[in-house]
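>>> Turn this into a model:
(2 chains)
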Amino acid sequence: MLLADAPVLSWDLTADLREIWSYAFMVNAFRAATVVAVVAPVVGWFMVLRRQTFAGHTLSVVAFPGAALATLLGISTTFGYLGACLATALVIALLRDAGRPGGAQESAATGILQAFALGCGFLFVTLYHGLLGGPQALLFGTFLGITDQQVLLLAAVGAAVLAVLALIGRPLLFATLDPEVAAARGVPVRWLSAGFLLLLGAATAEAGQITGSLLVFALLVIPAATAQQLTARPVRGVLLAVLIGLAASWLGLFAAYYWPYPLGFLVTTVAFTGYLLAHAVRAAGRFSRTAAVPA
Amino acid sequence: MTGVLGQAFFQHALLAGTAIALASGLVGYFLVLRAQTFTGDALSHVAFTGAMAALAGGYDLRLGLFAATIGVALLLGLLGRRGRPDDVAIGALFSWILGLGVFFLTLYTTTRSATGQGNAGISVLFGSIYGLDGARTLTAVLIAAGISAAVLVLARPLLFATLDEAVARARGVRTGALGLAFLALVGACAAEATQAVGSLLLLGLLAAPAGAALRLTDRPYRALALSAALAVLDVWGGLLLSAAAPQLPPSFAVMAIATLCYTATYAVRRTPTAAAADPA
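From the prediction side, this is the model:
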């Protein structure tokens, strides 16, 4: 921990929270995490429904070369994250158009793109010798030193992503669940698919700044996958995913303040525990139902 | 440059790199053909956690690598139907395992940083092929030869099960067991390749030669051989490139050559959006 003497949990939660929030950097960390924990699960819910986890993962790791290049050039890493993720989203959208969607070729191309991007990131890090804390902060996240400006930018981008998603949500859901019928009804399936990839790029760029580019999935996939275990209804599922994302990131930050372990580990652990619990709840429900039927 | 080529570390890298590339090309072909690239991606991240856990516990790094990748590969196979895991379950599982890897990394750097080198995490993530000594090279070559032999033995039934699973099952091929065995091979190959190009970049070594081979020919065995040959050429090219330009890390050079080769296949076999495939 940064502080001279490690803080001790007093189990009086209001006092603990007051102590945590007396530090400006912790307040900003909570603000940024809240923005990310709302935006990422909403976009992630659609991503899980569309089975685009591989594309989402590729988008999240290209944040690393983006941020590394931005550091090398001396510009804000936020722009690096956004630029790299949005550019890759465009490339993946074009790859999708070229090949059969979901085919072996498309996933191979996505994998190659990902490995090449990570290789470039490594090159940029090697060329830039004085990276503070090494590439590990970019890869695995940090909650220290988030500025007011960064929070504002995160909030603005997040609001834009949510606004666009609110506009295209209904046709996107239609195009996801039944692309052929949607296309026949005049829904622009292709444009929606490309637009969604851009939204996914923006969301992963946001989340990457908190969890690090390797652990974006903690907020993108796990809350959404958990919610889809518990309910099939869209609105309820999205809300549930956001709640899980908020719980995971708040608990993770709270724990990271007291423990010297990395934030990424804590957030993924909380989220994954929820995922396993949801599986257990569903299995128990199925068991009680099958036990009741053969009477 | 000729001076570098004569050095022992470079010859070790060339030897181990060739063997690992051969295994990766063979395994990668089936990985791409079975559309399981994402599984390879997940296993590459698991490799990082395995290596970090072994380092934090004070064991040989390779022990953790192989145990973690093969173990998780089998777990993923058992989670999915007929040895084919589900993407969302993979994503949820591996992001947690990666989080665990960060935990072990912290544990390692805080408890053992006095004894070990501080950038162990980075060398696992991005490879340290120039750091292989004679004994490690020999082990890597032997294991890679074992993986390659196993793929060649399984090639016929695996091809059958991949191309027409229903018919293969009807003819008595045990597709589930075959899928599991293949996943175990992918795990072993991921652990091998981590030593060469690093856990984050090994996906490129698995997918790029295979993707290129599949674009160039439709014949299964020819594509399998082509994939292995391209993987070896990619590694040779990358090593030579990094020898010629020492500021380029070898794993980046291998990835750059592999991506270049893959992109070049778009020029050979013309498609409407050849320009769009360029990952600039």
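>>> so who does residue 20 touch?
With no chain named, the answer covers chain A. Residues in contact with residue A:20, defined by CB atoms under 8 Å, 6 or more residues apart in numbering or on different chains, are A:26, A:30, A:254, A:257. Just so you know, the C-beta spots here come from the backbone N, C-alpha and C atoms, and that holds for glycine as well.
>>> Let me rephrase: I mean chain B.
By CB under 8 Å, 6+ apart, residue B:20 lies in contact with B:140, B:144, B:192, B:193, B:195, B:196, B:205, B:235.
>>> residues from the stretch 51-200 of chain A in reach of chain B?
Within the stretch 51-200 of chain A, the positions near chain B by CB under 8 Å from any CB of the partner chain are A:51, A:53-54, A:56-57, A:61, A:91, A:94-95, A:97-98, A:102-105, A:107-120, A:122-123, A:126-127, A:134-136, A:139-140.
>>> In PyMOL, how would I select the buried members of those?
Here is the PyMOL command that selects the buried residues among those (16 or more other CB atoms under 10 Å in any protein chain shown):
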select buried, chain A and resi 53+54+56+57+61+91+94+95+98+104+105+107+108+109+110+111+112+113+114+115+116+117+118+119+120+122+123+126+135+136+139+140
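>>> on contacts alone, who are the packing partners of the helix-or-strand element of chain A with minimal mean pLDDT?
Across the helices and strands of chain A, mean pLDDT, DSSP states H and E gives its lowest value to helix A:136-140, namely a mean of 72. For helix A:136-140, the packing partners by 3 or more CB pairs under 8 Å, 6 or more residues apart in numbering or on different chains; DSSP states H and E come out as helix A:53-73, helix B:87-111, helix B:120-126.
>>> For those helices, please prepare a markdown table with the additional fields mean pLDDT and distance to residue A:177.
Below are the helices and strands packed on helix A:136-140 laid out as a markdown table (pLDDT from 0 to 100; distance: least, CB to CB, whole Å):
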| stretch | mean pLDDT | distance to residue A:177 |
| --- | --- | --- |
| helix A:53-73 | 87 | 17 |
| helix B:87-111 | 84 | 16 |
| helix B:120-126 | 78 | 38 |
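>>> Deepest-packed of these, please.
helix A:53-73 (a mean of 27; mean count of other CB atoms under 10 Å in any protein chain shown).
>>> now for that one, which elements pack on it?
helix A:24-49, helix A:77-98, helix A:104-127, helix A:136-140, helix A:189-211, helix A:217-220, helix B:37-57, helix B:87-111.
>>> Pick out the residue in the stretch 1-150 of chain B sitting closest to chain A.
As assessed by CB to the nearest CB, chain A sits closest to residue B:99 within the stretch 1-150 of chain B, at 3.0 Å.
>>> ditto for the stretch 151-280 of chain B
Nearest to chain A in the stretch 151-280 of chain B, going by CB to the nearest CB, is residue B:204, at a distance of 2.7 Å.
>>> thought that residue was touching residue B:255?
Yes - between residue B:204 and residue B:255 there is a contact at 4.8 Å, judged by CB atoms under 8 Å.
>>> any shared contact partners between those two?
Joint contacts of residue B:204 and residue B:255 (CB under 8 Å, 6+ apart) are A:115, A:116, A:119, B:197.
>>> ok, back up a step: take the helices and strands packed on helix A:53-73 and lay them out in TSV including distance to residue B:241.
Shown next, in TSV, are the helices and strands packed on helix A:53-73 (distance: least, CB to CB, whole Å):
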stretch	distance to residue B:241
helix A:24-49	36
helix A:77-98	24
helix A:104-127	12
helix A:136-140	25
helix A:189-211	30
helix A:217-220	32
helix B:37-57	22
helix B:87-111	30
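>>> Out of those, which is closest to residue B:210?
Among the helices and strands packed on helix A:53-73, helix A:104-127 comes nearest to residue B:210, with 6.5 Å by CB to CB.
>>> how much space between residue A:241 and chain B?
13 Å (CB to the nearest CB, to the nearest Å).
>>> Tell me the helix or strand right after the helix or strand hosting that residue.
If you go by DSSP states H and E, residue A:241 is part of helix A:234-258. Sequence order places helix A:263-292 as the next helix or strand after helix A:234-258, per DSSP H and E.
>>> buried residues in that next one?
Buried residues in helix A:263-292, counted by 16+ other CB under 10 Å: A:263-272, A:274-275, A:278-279.
>>> Spit out the contact partners of the residue nearest to residue A:252 when sequence neighbours are not counted.
Leaving aside its chain neighbours, residue A:252 sits nearest to residue A:267 (3.5 Å; criterion: CB to CB, 6 or more residues apart in numbering or on different chains). Counting by CB under 8 Å, 6+ apart, residue A:267 touches A:211, A:215, A:218, A:219, A:248, A:249, A:252, B:99.
>>> Most neighbours among those, please name it.
If you count neighbours using other CB atoms under 10 Å in any protein chain shown, the busiest of the contacts of residue A:267 is residue A:219, which has 37 neighbours.
>>> That residue touches residue A:245, doesn't it?
Yes - using CB under 8 Å, residue A:219 is in contact with residue A:245, at 5.2 Å.
>>> give the contact list for residue 69.
Let's take chain A. Counting by CB under 8 Å, 6+ apart, residue A:69 touches A:80, A:84, A:120, A:121, A:124.
>>> ah, no, chain B please
Listed by CB under 8 Å, 6+ apart, the contact set of residue B:69 reads B:43, B:46, B:47, B:50, B:187, B:188, B:190, B:191.
>>> could you dump the buried residues of helix A:263-292 to JSON lines with pLDDT?
Shown next, in JSON lines, are the buried residues of helix A:263-292 (pLDDT from 0 to 100):
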{"residue": "A:263", "pLDDT": "81"}
{"residue": "A:264", "pLDDT": "81"}
{"residue": "A:265", "pLDDT": "86"}
{"residue": "A:266", "pLDDT": "87"}
{"residue": "A:267", "pLDDT": "88"}
{"residue": "A:268", "pLDDT": "89"}
{"residue": "A:269", "pLDDT": "90"}
{"residue": "A:270", "pLDDT": "91"}
{"residue": "A:271", "pLDDT": "91"}
{"residue": "A:272", "pLDDT": "92"}
{"residue": "A:274", "pLDDT": "91"}
{"residue": "A:275", "pLDDT": "91"}
{"residue": "A:278", "pLDDT": "90"}
{"residue": "A:279", "pLDDT": "87"}
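>>> from those, which two are the most distant?
That would be A:263 and A:279, which, of the buried residues of helix A:263-292, are the farthest apart (CB to CB) at 24.8 Å.
>>> other SSEs contacting the helix or strand where residue B:188 lies?
Secondary-structure element containing residue B:188, defined by DSSP H and E: helix B:175-197. Packing partners of helix B:175-197 (3+ CB pairs under 8 Å, 6+ apart): helix B:8-33, helix B:37-57, helix B:61-79, helix B:134-163, helix B:165-170, helix B:202-216, helix B:250-268.
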